[in-house]
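Chemist: Turn this into a model:
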Amino acid sequence: MPTLYGFTPSGNCYKPRLLMTLLGQPFRWIETDSSKGATRTPEFLAKNPNGRVPLMAFEDGRLLSESNAMLCYLGDGTAYYPADAWQRALVLQWLFFEQYSHEPYVAVARFISGWLPSDSPRRAELPKLVERGHEALGVMEQHVSKHRWLVGEAFSIADIALFAYTHVAPEGGIELHRYPGIVAWIERVCAVPGFVPMMGPWPQ
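Modeler: Numbers count the residues shown, from 1 in each chain. A predicted model of the protein is given here:
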């Protein structure tokens with residue numbers, strides 16, 4: 001049984017947790033509060049020198065970091081990661097988009113808004129983060145307003161990756177009311193059999 005070190009409010013930590021739940025893959029969750037320095041201890045840094053969660057530890061000693069790498073590894077050979085080479089490339093295209101054009105703005109705006117004090121100088125970053133977040137959501141809206149899922153005709157790890165922070169974007173001041181396609185897509189993700197919410201109870 002793999003162990004997943006993660007911080008409950010983190011969308012990146014939610015991604016592998018959701019996929020493993022959908023797959024029926026048992027795992028052990030270890031709450032690791034990065035906001036209180038839990039990822040900067042010598043013990044944790046020995047496992048992941050990058051000092052971030054999520055981190056997946058396997059019983060044979062293997063360690064895997066980076067949420068989207070976990071999605072690819074866990075999804076390989078399942079319906080959530082297409083076998084067709086072109087379809088897989090499209091999945092990767094969305095995963096790279098999420099990490100480079102979406103998460104750095106949508107997730108960071110949420111972090112600043114929810115975790116930093118009202119007088120933090122980093123709040124000056126919010127207008128630009130919100131602007132860039134809307135740019136990313138605009139790209140998504142063009143696609144999901146015409147397609148049921150991000151890749152092909154089936155729910156995939158691409159949808160998991162983008163859902164994680166998109167559905168909580170308003171917590172960072174990035175409202176979704178102007179994106180009816182995204183709102184409908186979020187509803188479809190939540191209706192996937194076996195879906196668990198981001199802030200739901202954690203496995204022990």
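Chemist: Can you give me the first-to-last residue distance of stretch 158-175?
Modeler: Start to finish, the residues bounding stretch 158-175 are 22 Å apart (C-alpha to C-alpha, to the nearest Å).
Chemist: any idea of the mean pLDDT for it?
Modeler: Averaging pLDDT along stretch 158-175 yields 98.
Chemist: Only the buried residues of that stretch, if you could.
Modeler: For stretch 158-175, the buried set under the neighbour-count rule, 16 or more other C-beta atoms under 10 Å, comprises 158-169, 171-172, 174. For every residue, glycine as well, the C-beta is placed using N, CA and C.
Chemist: ditto for stretch 81-91
Modeler: Tyr81, Pro82, Gln87, Arg88, Leu90, Val91.
Chemist: So the chain: which segments form each domain?
Modeler: Here the domain parsing of the chain from automatic domain parsing is 3-75, 85-190.
Chemist: how about those domains in a markdown table, adding distance to Pro197?
Modeler: Listed next are the domains of the chain as a markdown table, based on distance: least, C-beta to C-beta, whole Å:
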| stretch | distance to Pro197 |
| --- | --- |
| domain 3-75 | 9 |
| domain 85-190 | 8 |
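Chemist: closest one to Met198 among those?
Modeler: Closest to Met198 of these is domain 3-75 (C-beta to C-beta; 4.7 Å).
Chemist: follow-up on the earlier one: for the buried residues of stretch 158-175, which one is nearest Met1?
Modeler: Nearest to Met1 among those, with distances taken as C-beta to C-beta, is Ile160, at 20.7 Å.
Chemist: I'd guess that closest one is in a helix, am I close?
Modeler: Yes. Under DSSP: H, G, I helix; E, B strand; the rest coil, Ile160 sits within a helix.
Chemist: ok, it - contacts?
Modeler: Lys15, Leu18, Leu19, Leu71, Tyr80 (C-beta atoms under 8 Å, 6 or more residues apart in numbering).
Chemist: hang on, Asp159 packs against Val189?
Modeler: Yes. If you go by C-beta atoms under 8 Å, Asp159 and Val189 touch, sitting 5.9 Å apart.
Chemist: Can you say which two of the buried residues of stretch 81-91 are spatially most distant?
Modeler: Tyr81 and Leu90 (11.2 Å).
Chemist: What's the local residue count around Met1?
Modeler: Neighbour count of Met1, defined by other C-beta atoms under 10 Å: 8.
Chemist: Hmm, Arg28 and it touching each other?
Modeler: Yes. Taking contacts as C-beta under 8 Å, Met1 lies within contact range of Arg28: 5.9 Å.
Chemist: quick one, phi/psi of Val108?
Modeler: Val108 adopts backbone torsions of phi -70, psi -40, taken as degrees, to the nearest 10.
Chemist: tell me the SS of the closest residue to it other than its chain neighbours?
Modeler: Of all residues beyond its chain neighbours, the one nearest Val108 is Leu129 (5.7 Å), with distances taken as C-beta to C-beta, 6 or more residues apart in numbering. At Leu129 the chain is in helix, as set by three-state DSSP.
Chemist: give me every residue that touches Leu129.
Modeler: Contacts of Leu129 by C-beta under 8 Å, 6+ apart are Tyr105, Val106, Val108, Ala109, Ile112, Gly172.
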